[in-house]
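>>> please find the sequence and the predicted model below.
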Amino acid sequence: MAVTPKDAAAIILLRDRPDPTVFWVKRSPKLQFMGGFHAFPGGQLDKEDSSITVAGCDGEEAVMRACAVREFFEEAGVLLARGTERLSLERIAEKRRAMNDNVKSFKQTLEEDALEIACADFEPAGRWVTPHFAPRRFDTWFFLAWMPEGQEALIETGELETGEWIRPADALASWKRGEIILAPPTLHIIRMLAAHVDRVEELPAALTSIPESKRGMVRRIEFRPGIFLFPVRTPTLPPATHTNCYIIGGDELIVIDPASPYEEEQQELDSFIDSLMSEGRRVREIILTHHHPDHIGGAAHLRSRLGVPVAAHRLTADRIKYSVEVDRFVEDNELIELDGDPGWRLRVLQTPGHTRGHLCFYEEITGAIITGDLVVGVGTVVIDPPEGNMRHYFESLSRLLSLPKLSVLFPAHGPAIGSAREKIEEYVEHRTMRENKILAAVQAGASLPHEIVEAAYTDVHPSMWGLAERSTVAHLEKLEEDRRVLRYNGLYQIV
Ligand SMILES: [Zn+2]
């Protein structure tokens, strides 16, 4: 069930020669797509964009430039059209307001002051397609442009949190220190900008020099330095289609959840690991977050291919003893240290609830967490008793909230989540809301699990009620322990 990418466009806006700075934004952590990431202003194609005339080109080249200019104006307030030098800053701000309030269309905005978008003002800077694992995917056209005289970049808060001009080298340094998260195109662009500050004429060629920048498959996803996310297709629970394998470290790497049982996916992971090893790195160990088949499917293969040990919690090892040989038990609170730049200190957290032996990995320096199936970026977490336990699940979420520093969550399914605390709090709230609905259903007379599901999951599609019933039983077990419901002859009632 792969999602079809939607057309989108973004602008890399430079100013100040000879030592240029670039304008970038921090996306609001609340956004579903790339929340909390730093990126270049841009967005999705609008049907109106095809009605805009672009001097010097037509077809897709024109439409995507119009889209990029419109999005940049809406988000950052700079109108990249010829003729704006005749307008005052107030006039430009007023035009932006009228457009953002839907009082005027983009076409009107340009035509009323005889403004013109010129093809030549925008150099093609690559086209990137979001990998398959993301719940929302875009085919994004990037353009390079220069800041016009006399305008000001100012973001509209809401979808965006901040906007700033930054030297590319400073942006790169901030990413290297683990302070920010970048998607693969942004990271590539920042790297190229930093490397070519004194040769800007070479930039368009440099930006489009790798296959990924020509709609090629994006395989190297490094949201944080030394934390590689490698999605592999697995027999997992819809809407997820992939499980994220994480490869972490510098010279020495650990591989978390080589998940795919499919040979062609295992080969893809093999060649990615080979490419990291060709940079002089080596794999120390494979570690498993938990025993589910969509997390361990490639473990035996990778273990024999690389000749490295597999580590897991003893409860996980016990569940997979016939399929994967576990060489070492990992305990709660163990510290896994990986040398390199900037260095990684992974604290193992046993976090039961989804499964008893479930592990998360807390990177103490930057506050990032590899969450496994405790918190996910797409779909929901199933708590299926007796392996699943709702009380333990709540306790594990609270444990994450009590950690001293929280920045990014790296889940086993879906993209990284840039608003760690908000996301975990949202999970606690959501489960609490569900518990209250279940309690209300029992109060209203529903006494069998399937009746309780019908009353408490009215917001969920009936095709999901089978799974919902498992989670409902988990909630009811907890409520029984809390002495808020009791079960008599298989029927639930309020205490
Ligand atoms: Zn699982």
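Happy to help now that I have it.

>>> CA only for contacts and neighbour counts going forward, please
Fine.

>>> now the helices for this structure?
Taking DSSP state H as the criterion, the chain carries its helices at 59-76, 89-100, 106-111, 168-176, 184-195, 203-207, 263-277, 293-296, 299-306, 314-319, 390-401, 420-443, 449-456, 465-481.

>>> now do the last one: everything it contacts.
Read it as helix 465-481. By CA atoms under 8 Å, 6 or more residues apart in numbering, the surrounding residues in contact with helix 465-481 are 382-385, 388-391, 435, 438, 449-450, 452-454, 457, 485-487.

>>> export stretch 480-495 to CSV, keeping only CA atoms.
The C-alpha trace of stretch 480-495 is given here as CSV (Å, rounded to 0.1, in the frame of the first residue of the first chain):
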residue,chain,number,x,y,z
GLU,A,480,-9.8,-4.7,36.9
GLU,A,481,-6.5,-4.4,38.8
ASP,A,482,-7.4,-0.8,39.5
ARG,A,483,-10.7,-2.1,41.0
ARG,A,484,-12.8,0.1,38.7
VAL,A,485,-14.4,-2.8,36.9
LEU,A,486,-15.0,-6.4,37.8
ARG,A,487,-15.5,-9.5,35.8
TYR,A,488,-18.1,-12.1,36.7
ASN,A,489,-18.8,-15.1,34.5
GLY,A,490,-16.9,-13.4,31.7
LEU,A,491,-19.1,-10.3,31.9
TYR,A,492,-17.7,-6.9,32.8
GLN,A,493,-19.4,-4.5,35.1
ILE,A,494,-18.6,-1.4,37.1
VAL,A,495,-17.4,-1.8,40.7
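
>>> contacts only, for the residue lying closest to residue 121 once chain neighbours are set aside.
Leaving out its chain neighbours, the residue that sits closest to residue 121 by CA to CA, 6 or more residues apart in numbering is residue 145, at 6.2 Å. Neighbour list for residue 145: 11, 12, 13, 14, 121, 122, 123 [criterion: CA under 8 Å, 6+ apart].

>>> low pLDDT regions in this structure?
Applying pLDDT under 70 to the chain flags residues 1-2.

>>> let me see the domain layout of it.
6-213, 221-418, 434-494 (automatic domain parsing).

>>> any chance of a markdown table for those domains, columns distance to residue 428?
Formatted as a markdown table, the domains of the chain follow (distance: least, CA to CA, whole Å):
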| stretch | distance to residue 428 |
| --- | --- |
| domain 6-213 | 16 |
| domain 221-418 | 7 |
| domain 434-494 | 10 |
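
>>> may I see the helices of the chain organised as CSV, with distance to residue 50 added?
Below are the helices of the chain laid out as CSV (distance: least, CA to CA, whole Å):
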stretch, distance to residue 50
helix 59-76, 5
helix 89-100, 17
helix 106-111, 10
helix 168-176, 33
helix 184-195, 25
helix 203-207, 25
helix 263-277, 39
helix 293-296, 43
helix 299-306, 49
helix 314-319, 55
helix 390-401, 47
helix 420-443, 38
helix 449-456, 46
helix 465-481, 43
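
>>> closest to residue 337 out of those helices?
helix 168-176 (17.9 Å; CA to CA).

>>> kindly export the closest one (C-alpha atoms) in PDB.
C-alpha atoms of helix 168-176 as PDB (Å, rounded to 0.1, in the frame of the first residue of the first chain):
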ATOM      1  CA  PRO A 168      25.800  26.900   5.400                       C
ATOM      2  CA  ALA A 169      28.900  25.900   7.400                       C
ATOM      3  CA  ASP A 170      27.200  26.900  10.600                       C
ATOM      4  CA  ALA A 171      24.100  25.000   9.700                       C
ATOM      5  CA  LEU A 172      26.200  21.900   9.000                       C
ATOM      6  CA  ALA A 173      28.100  22.300  12.300                       C
ATOM      7  CA  SER A 174      24.800  22.500  14.200                       C
ATOM      8  CA  TRP A 175      23.600  19.300  12.600                       C
ATOM      9  CA  LYS A 176      26.900  17.600  13.500                       C
END
